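1. Dropping the sequence and predicted coords here.
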Amino acid sequence: MIKITNCPGTLAPDHKTYSTRCIRHMFEGKKTSHFLPYQSHLSNNDQEMAALMDNRKRISISGVQEKLSVILDKGVIRLTKAGEQGTYILKPIPRDLERVDQVPANEHLTMQIAKQVYGLTTAENALIFFQNGEPAYLTKRFDVLNNGRKLGIEDFATLAGKTKETDGDEFKYNYSYEGIGDLIKQYAAAAPIALENFYKLVLFNFLFSNGDAHLKNFSLLETPAGDYQLSPAYDLTNSRLHVKDPELALKDGLFKNDYETESYKANGFYAYDDFLEFGIRIGVLKTRALKILGDFKTEQEEVATLISRSFLGEDAKQIYLQTYQKRLSSLNYSFSNNI
């Protein structure tokens, strides 16, 4: 049986289950078990496996990783039944990745760092465990209101007109982050705020080696007023723990039209000058871009603290911290100051 010493939601120390703060934000203040009523996502129980397989057909959230639709019912998170609107998404351990058993803890840690250290607006999330102790990542749907109303949501693959038919299997990677900025200006209400939030998210994804931040991992969400704003961040993970992927997910990189800074031409990696130029090009005021970039290039002690409290294995914790420190070094390198 798994031993829990930190909150599986906030990672607050000295908790054997979800903390009061986690229960308030994640579970509407209702005491909730950190165990699922299922043995494993690869259950030997025929009835359980049938329920899991049936549930997979029901969820409409796109993506390669397996996602299950679940609901909070009398203090327990369970699979939705036919006709029920799921209010949470459950992501069990996937398959065919290096350190595959670390995937749920990785995403949970990365999302907590984004929220707690960098103040990003994120989907509420926690870890939850099958009866055999196997972890799964649990996230609260931000497109479903408490009254059951479903808000409109459009990812940037849709907004960019990218589909498998137009661009092939890699359609969600065929773009630039500057191009997403253009779409935000076109479709988002209060675009200056949305652009700043997007800028922070791109910096975060670079700093924490999220090499899978593709077009479908950014969305616009309908507000109660009926307009659209950048959705809370989701699917944040340090992909370097599992695959050898590029610095940035989108094939065109930061800039559209094959633009490269002098820094990138000289060094072949993204650094301070690139992200400053990127912020200005998408429409963030230079004074704000400098301030935001300054915050991200400053080492944050709380990152190491949360890594140490996380549910990652010891080896994975070391790699996670090393990738953060390496990217931090890149973000602190300025070609213009080294000529």
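-> Structure received. Remember, predicted model here, so these are calculated numbers, not experimental data.
2. how many neighbours does Ala12 have?
-> 15 (other CB atoms under 10 Å). The C-beta positions use only the backbone N, C-alpha and C, and glycine is treated the same way.
3. which residues in the stretch 51-200 of the chain form strands?
-> With DSSP state E, counting those that start in this stretch, the ranges of strands along the stretch 51-200 of the chain come out as 68-73, 76-79, 88-91, 125-129, 135-140, 153-155.
4. Kindly reformat those as TSV containing mean neighbour count and mean pLDDT.
-> Conversion of those to TSV gives the following (neighbours: other CB atoms under 10 Å; pLDDT from 0 to 100):
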stretch	mean neighbour count	mean pLDDT
strand 68-73	19	95
strand 76-79	19	96
strand 88-91	23	96
strand 125-129	24	98
strand 135-140	23	97
strand 153-155	16	96
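5. In JSON lines, list those along with distance to Tyr173.
-> Listed next are the strands of the stretch 51-200 of the chain as JSON lines, based on distance: least, CB to CB, whole Å:
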{"stretch": "strand 68-73", "distance to Tyr173": "26"}
{"stretch": "strand 76-79", "distance to Tyr173": "32"}
{"stretch": "strand 88-91", "distance to Tyr173": "21"}
{"stretch": "strand 125-129", "distance to Tyr173": "24"}
{"stretch": "strand 135-140", "distance to Tyr173": "23"}
{"stretch": "strand 153-155", "distance to Tyr173": "13"}
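6. and of those, who's closest to Leu207?
-> The closest approach between Leu207 and any of the strands of the stretch 51-200 of the chain, judged by CB to CB, belongs to strand 125-129 at 19.0 Å.
7. chain center to the closest one: distance?
-> Taking CA atoms, centre = their mean, to the nearest Å, one finds the center of strand 125-129 at 14 Å from the center of the full chain.
8. angle of it against strand 68-73?
-> Comparing the axes of strand 125-129 and strand 68-73 via axes from the mean of the first three to the mean of the last three CA atoms, to 10 degrees yields an angle of 90 degrees.
9. hang on, the earlier thing: relative to Pro13, which of the strands of the stretch 51-200 of the chain is closest?
-> Closest of the strands of the stretch 51-200 of the chain to Pro13 is strand 125-129, at 15.2 Å (criterion: CB to CB).
10. now for that closest one, which elements pack on it?
-> Contacts of strand 125-129 with other secondary structure elements, assessed using 3 or more CB pairs under 8 Å, 6 or more residues apart in numbering; DSSP states H and E, are made with helix 20-26, helix 103-116, strand 135-140.
11. which secondary element of the protein has the worst mean pLDDT?
-> The weakest-scoring helix or strand in the chain, judged by mean pLDDT, DSSP states H and E, is helix 46-58 (a mean of 58).
12. need the helices and strands packed on strand 125-129 in TSV with distance to Leu151, can you?
-> Conversion of the helices and strands packed on strand 125-129 to TSV gives the following (distance: least, CB to CB, whole Å):
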stretch	distance to Leu151
helix 20-26	18
helix 103-116	20
strand 135-140	13
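13. quick one: which of those is nearest Lys291?
-> Put simply, out of the helices and strands packed on strand 125-129 the one that sits nearest Lys291 is helix 103-116, at 18.2 Å, with distance taken as CB to CB.
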